[in-house]
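[1] Prediction below, plus the sequence it came from.
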Amino acid sequence: MLALVCALVVVVLRRLPPSRVRDAVLPAAHELGLLAGLYSIWRLARMLPLATTTGALERAHWIDRFQHRLHLPSELALQHVALQAPWLGRFLNAYYAIVHVPALLAFLVWLFVRHREAYPRWRNALVLVTGFCLFIRFVRVAPPRFLPDLGYIDLAAGFGLSVYGPVGTGVSDQFAAMPSIHVAWAAVVSFGIVAAGTSRWRWVFLLHLVLTLVAVAATGNHWWLDGIVALALLGLSLRIDGEWRRWREARGPAESSGAEPAGDVVAVLSSERG
């Protein structure tokens with residue numbers, strides 16, 4: 001509904017003569033509608049019949065063995081620490097459940113208002129990495145908490161505040177652990193603030209990514225490999241956006257200036273669909 005309302009606002013405003021209010025509201029409505037529409041696609045995708053549980057547990061066991069071969073630290077060690085320090089377990093569980101989406105929304109608003117020139121790059125990276133995650137999620141992978149035979153538990157079952165219910169319910173797909181959308185979005189926020197910000201305190205926001213990596217593992221909702229793949233996909237997304245911008249610039253300033261903003265792959269594609 002939000003996407004449809006914003007689309008209607010954009011259509012109406014584009015037919016009005018230029019004004020200060022129009023110039024301020026039009027880009028905001030365009031971006032809000034675009035992101036709302038993309039998030040709607042993300043939510044609707046879980047209803048596709050491809051979302052089965054076939055092979056999810058077997059792949060989870062394979063990831064566990066593969067991580068041991070890579071000598072990655074065990075998620076079990078983090079879970080034991082969280083259980084021995086209940087305050088830490090509650091904090092990590094709450095961080096996983098609550099901070100994920102609000103942090104991303106706050107980042108996008110901050111970037112759009114304070115650093116408009118950097119907004120297209122990180123918005124594009126967000127769209128691309130989310131698209132990659134949406135595609136890969138149909139290769140079903142169970143999170144560690146579904147493997148009690150290896151000692152893993154569901155931290156939220158002990159501390160509450162779970163975003164999941166029985167399989168097939170809840171706000172998220174429980175067998176789409178690979179890659180971690182939590183880590184992907186946290187990386188967009190942390191790296192985006194460091195890249196676009198000017199304050200010397202901007203480096204503190206890297207803690208958001210670190211805390212997210214720890215939280216997803218300690219709660220038993222993701223493997224380390226889920227986060228590693230998410231970070232690699234973000235790097236690929238930023239590379240694709242950079243190559244797109246260089247290609248646009250190589251076509252000449254006259255053609256590049258036709259996009260709003262210049263070099264914005266998502267804006268160009270959306271305008272072409274319109």
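    That came through, no problem.
[2] can you list the weak-confidence ranges in the chain?
    The model of the chain has pLDDT under 70 over residues 45-53, 160-173, 252-274.
[3] So what are the structural domains in it, by residue number?
    1-45, 54-273 (automatic domain parsing).
[4] now the most centrally placed residue in the chain, nearest residue through space, not along the chain?
    What sits nearest the mean C-alpha location of the chain, by CA atoms, centre = their mean, is Trp185, with 3.0 Å. Leaving aside its sequence neighbours, Trp185 sits nearest to Leu104 (CB to CB, 6 or more residues apart in numbering; 4.9 Å). In short, each C-beta sits where N, CA and C put it, glycine included.
[5] ok, now how distant is Ala176 from Val99?
    As for Ala176, its distance to Val99 is 19 Å (criterion: CB to CB, to the nearest Å).
[6] Who has more neighbours out of these two?
    Ala176 (24 against 18; other CB atoms under 10 Å).
[7] Could you count how many residues lie near the residue nearest to that one when sequence neighbours are not counted?
    Distances taken as CB to CB, 6+ apart put Arg137 closest to Ala176, at 3.7 Å, once the chain neighbours are dropped. A count of neighbours around Arg137, defined by other CB under 10 Å, yields 21.
[8] Hmm, Ala184 and Arg137 touching each other?
    No: shown here, Arg137 and Ala184 do not form a contact pair, counting by CB atoms under 8 Å, at 11.5 Å.
[9] who touches the helix or strand where Val183 lies?
    Per DSSP states H and E, Val183 falls inside helix 181-196. With contact meaning CB atoms under 8 Å, 6 or more residues apart in numbering, helix 181-196 is reached by 96, 100-101, 103-104, 107, 110-111, 115, 118, 122, 125-126, 129-130, 133, 202-203, 205-209, 212-213, 215-216, 221-222, 226-227, 230-231, 233-234.
[10] count of neighbours near Ala106?
    12.
[11] Could you tell me the angle between the helix or strand it falls within and helix 181-196?
    Per DSSP H and E: Ala106 is located in helix 100-114. Here helix 100-114 runs at an angle of 20 degrees relative to helix 181-196 (axes from the mean of the first three to the mean of the last three CA atoms, to 10 degrees).
[12] Helix or strand next in line after helix 100-114, which one?
    Assigned by DSSP H and E, the successor of helix 100-114 is helix 119-136.
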